[in-house]
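Peer 1: sequence plus predicted model, see below.
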Amino acid sequence: MIDEVLAYLVRRGAHLEPAKITTREIAYDLDMSQQTASRKAIELIKSGKIERTPEGMVVTGKALAELKRTVDELQKMLYPELGFEFSGKVVSGLGEGARFMKIQQYKDNIKKQLGFVPYAGTLNVKINPEDVEKRLRLKTHPPIIINGFRLAGKDFGKILCYRCKIRGIQGAIVFPVRSTHGLNVLEMIAPVNLRKELSLTDQSWTEFVVYP
């Protein structure tokens, strides 16, 4: 929940420059007692969300980061169609994605669920550290499930998917049940070779949107 005093200070521009605002003004504008306004201001100072300077009150970067996360989370809850925006650097995988995307059963199941036959390979993107939390929030949404199967006496696990778009190309982020990637790497499939189509190499910077 966004603190009402913090939100008030942002509305008054204290996140852009120091603002000469008294607790009496805060109390009057927010219809609370001056004692309550003072207490809330002190709590925000102690938590490092605002600073009192000779020039006035300042909303800190810490507070702005928390506000942005809260706003992003609310936006995704209310308007999931807007998607989650990610950015990061292209990295090489171990070749497992290419091996699995060549298996006909996976190709058929992906075609059935996502509407395209995947290129035999995946694009791996090491996302920004601040985007890891978005990944965790993304996984709270129901995924598209690519069913697993048994082939030649071996079990191939299901894959959880979310549709995505990268530079106008439709694809999907995949989360194999058995994955060697950590939280900071997202694996993407598409009907085309994304590296070739988008002229991407290792360490190329790219952005994409994932739709829950």
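Peer 2: Thanks, I have the structure now. Remember, it's a predicted structure, so these values are computed and weren't measured experimentally.
Peer 1: in the helix or strand bottoming out on mean pLDDT in the chain, what's buried?
Peer 2: Least confident helix or strand, the chain: helix 96-101 with a mean of 78, by mean pLDDT, DSSP states H and E. For helix 96-101, burial by neighbour count (16 or more other C-beta atoms under 10 Å) applies to 97, 100, 101. From N, CA and C alone the C-beta is placed, and that goes for glycine too.
Peer 1: repeat for stretch 187-197
Peer 2: For stretch 187-197, burial by neighbour count (16+ other C-beta under 10 Å) applies to 187, 188, 189, 190, 191, 194, 195, 197.
Peer 1: same check on stretch 143-161?
Peer 2: Going by neighbour count (16+ other C-beta under 10 Å), the buried part of stretch 143-161 is 143, 146, 148, 156, 158, 159, 160, 161.
Peer 1: return the item of those having minimum pLDDT.
Peer 2: Among the buried residues of stretch 143-161, residue 156 carries the lowest pLDDT, at 85.
Peer 1: give me phi/psi at it?
Peer 2: In terms of degrees, to the nearest 10, the main-chain angles of residue 156 are phi -110, psi 120.
Peer 1: farthest pair in the buried residues of stretch 143-161?
Peer 2: For these, the maximum inter-member distance is 17.3 Å, found between 143 and 156 (C-beta to C-beta).
Peer 1: grab the most central residue of this structure for me.
Peer 2: Closest residue to the average C-alpha location of the chain: residue 134 at 2.6 Å, with C-alpha atoms, centre = their mean.
Peer 1: doesn't residue 86 make contact with that one?
Peer 2: Yes: with contact defined as C-beta atoms under 8 Å, residue 134 counts as touching residue 86 (6.6 Å).
Peer 1: could you chop the protein up by domain?
Peer 2: For the chain, the domain assignment from automatic domain parsing gives the residue ranges 4-78, 81-211.
Peer 1: model confidence for residue 176, exactly?
Peer 2: So, for residue 176, pLDDT stands at 83.
Peer 1: bridged to the residue nearest to it when sequence neighbours are not counted, which residues?
Peer 2: What sits nearest to residue 176 in space, not counting adjacent residues and going by C-beta to C-beta, 6 or more residues apart in numbering, is residue 159, at 5.1 Å. Residue 159 has these beta-bridge partners by DSSP bridges: residue 146, residue 176.
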